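Student: I'd like to go over a predicted model; first the sequence, then the structure.
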Amino acid sequence: MTDITDRSAMPPVNDEATIKRSLFIDCTKVAILLLVYRGLTTLMSDLFYELTYVMLHGTPADMQTVLETLSTEHKDLVFTTFYSMLMNSSVTVASLLITLVIGRLLKFSFRGYLKPKAKDIKHGFYWAPACFMLNIVFSLAVNAFTSVMGSIGVNIPEANFTIRKPSVGAVLFQFLYIVVIAPLIEELIYRGMILGSLNKYGQAPAVFMSALCFGLMHGNIPQAVSAFGTGLVFALLASECGSIYPSLVIHMINNFLINLSEFGSALELKWINSLSSAMQIILSIVGAYILMTRYSSLRCDKEQSLSRPHEVIKKILTNPMMLLYLVYLLWEIAMGIINSNLQH
């Protein structure tokens with residue numbers, strides 16, 4: 001993966017046939033890696049359940065038996081936050097490492113993205129309030145939508161990060177996963193990998209695709225909408241700096257603040273709700289000011305590599321492997337809605 005700031009690696013702008021071939025190859029590679037990562041998370045989850053079963057029963061079994069046994073005989077274990085966060089952390093880290101190895105075989109590189117500079121990290125802290133405010137706005141809009149859908153009998157599923165069977169270990173593992181591991185992995189994939197592959201063909205389509213994939217991968221409409229909106233800002237900052245560090249800082253702060261009340265409640269800190277609310281109000285006000293005074297700096301101003309404005313995004317969206325990946329993500333969201341309503 002070429003450094004996004006190195007446009008000399010691109011063929012001459014008037015050689016559109018060469019650019020289209022290069023775009024097709026890069027888009028195919030990144031889509032393959034995205035599909036590989038999703039497939040690996042499923043495979044690694046099954047392996048984690050299998051290992052749990054073996055540790056409890058001493059012998060392996062088929063996956064249906066494993067899942068049925070764990071969900072009935074050992075539900076006090078597998079339905080705890082400690083277990084689910086331990087599994088999520090193990091599965092995502094292992095899946096990412098294997099994906100990176102495959103990426104290296106496909107000649108992908110994160111050179112340029114993993115070299116922290118003080119100004120990049122400061123950039124993240126500066127824009128964190130604005131992104132948090134945007135997340136609140138999008139969440140309110142989605143809540144209104146889900147309420148309307150609920151009033152007509154359609155349930156829209158949402159992610160649930162309530163800590164089950166609270167303990168210090170449960171809080172620690174949920175904090176580790178939500179605030180550290182998940183942001184790092186998601187920034188490497190949805191900013192580093194996607195932007196690094198596509199940004200040289202045009203900043204706007206690369207930013208859009210990064211945010212689109214980031215939103216849809218959450219698997220439910222409420223998170224997808226909020227993640228897409230804030231993901232646009234994440235991608236713009238990462239693109240401008242040529243580094244994932246600004247968006248990583250924002251991502252970690254955002255996840256911490258959203259879950260602060262849950263962390264405190266699990267630890268029985270009675271004052272945590274008031275502190276969380278005060279922090280969210282202050283950051284929202286600061287974020288609104290930053291957006292009103294600095295919004296112009298978030299524009300996509302890098303030129304397209306193809307002459308027609310929408311040619312790059314069209315080529316990306318019609319790439320067979322990328323289309324397959326997007327359809328897969330949409331299918332997961334649709335099945336989540338269907339299954340949620342069947343259960344009700």
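Tutor: Thanks, I have the structure now.

Student: could you pull out the strands for the chain?
Tutor: Along the chain, counting by DSSP state E, no stretch forms strands.

Student: which residues sit in contact with the nearest residue to residue 340 once chain neighbours are set aside?
Tutor: Excluding its sequence neighbours, the residue lying closest to residue 340 (Cβ to Cβ, 6 or more residues apart in numbering) is residue 157, at 4.1 Å. Quick note: C-beta positions are derived from backbone N, CA and C, even for glycine. Going by Cβ atoms under 8 Å, 6 or more residues apart in numbering, residue 157 touches 220, 336-337, 339-340.

Student: residues contacting the nearest residue to residue 30 once chain neighbours are set aside?
Tutor: What sits nearest to residue 30 in space, not counting adjacent residues and going by Cβ to Cβ, 6+ apart, is residue 197, at 4.3 Å. Residue 197 makes contact with 1, 26-27, 29-30, 108, 206, according to Cβ under 8 Å, 6+ apart.

Student: quick one: low-confidence ranges for this protein?
Tutor: 1-14, 109-116, 301-309, 344 (pLDDT under 70).

Student: Am I right that residue 29 is in contact with residue 106?
Tutor: Yes. Between residue 29 and residue 106 there is a contact under Cβ atoms under 8 Å: 5.1 Å.

Student: Looking at these two, which is more packed in?
Tutor: More crowded of residue 29 and residue 106, by other Cβ atoms under 10 Å: residue 29, with 19 against 15.

Student: Next, count neighbours for residue 195.
Tutor: Residues lying near residue 195 (other Cβ under 10 Å) number 27.

Student: whoops, I mixed them up, residue 153
Tutor: 8.

Student: what's the answer for residue 130, then?
Tutor: Residues near residue 130, counting by other Cβ under 10 Å: 25.

Student: check contacts around it.
Tutor: Taking Cβ under 8 Å, 6+ apart as the criterion, residue 130 is in contact with 233, 287-288, 290-291, 294.

Student: Could you list which of those residues belong to helices?
Tutor: Counting by DSSP state H, the contacts of residue 130 place 233, 287-288, 290-291, 294 in helices.

Student: and these, which are buried?
Tutor: 233, 287-288, 290-291 (16 or more other Cβ atoms under 10 Å).

Student: how about CSV for these, with distance to residue 211 added?
Tutor: Below are those laid out as CSV (distance: Cβ to Cβ, whole Å):
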residue, distance to residue 211
233, 9
287, 18
288, 21
290, 19
291, 17
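
Student: Among those residues, give me the pair with the biggest separation.
Tutor: Using Cβ to Cβ, these reach their maximum pairwise distance at 233 and 288, which is 13.7 Å.

Student: I'd guessed residue 279 sits against residue 258; true?
Tutor: No. Taking contacts as Cβ under 8 Å, residue 279 lies outside contact range of residue 258: 10.8 Å.

Student: ok, longest helix in the chain?
Tutor: The chain, longest helix under DSSP H: helix 16-57.

Student: To what extent is the residue lying closest to residue 261 once chain neighbours are set aside buried, counted in neighbours?
Tutor: Excluding its sequence neighbours, the residue lying closest to residue 261 (Cβ to Cβ, 6+ apart) is residue 276, at 4.2 Å. A count of nearby residues for residue 276, using other Cβ under 10 Å, gives 19.

Student: hang on, residue 276 packs against residue 259?
Tutor: No. Under the criterion of Cβ under 8 Å, residue 276 makes no contact with residue 259, lying 9.2 Å away.

Student: how near is residue 126 to residue 268?
Tutor: 34 Å (Cβ to Cβ, to the nearest Å).

Student: neighbour-wise, which of the two wins?
Tutor: Of the pair residue 126 and residue 268, residue 126 is the one with more neighbours under other Cβ under 10 Å, namely 15 against 8.

Student: Am I right that that one is in contact with residue 287?
Tutor: No. If you go by Cβ under 8 Å, residue 126 and residue 287 don't touch, sitting 10.6 Å apart.

Student: how about the residue nearest to residue 340, phi and psi?
Tutor: Here is the backbone geometry of residue 157 (degrees, to the nearest 10): phi -70, psi 150.

Student: measure it to residue 335 for me?
Tutor: Distance of residue 157 to residue 335, computed by Cβ to Cβ: 10 Å.

Student: same thing with residue 235?
Tutor: Taken as Cβ to Cβ, the span from residue 235 to residue 335 is 27 Å.

Student: So for the two, which residue has more residues nearby?
Tutor: It is residue 235, of residue 235 and residue 335, that has more neighbours when counted by other Cβ under 10 Å, with 26 against 11.

Student: for the contacts of residue 130, which one is nearest residue 316?
Tutor: Taking Cβ to Cβ as the measure, residue 316 lies nearest residue 233 of the contacts of residue 130, at 20.2 Å.
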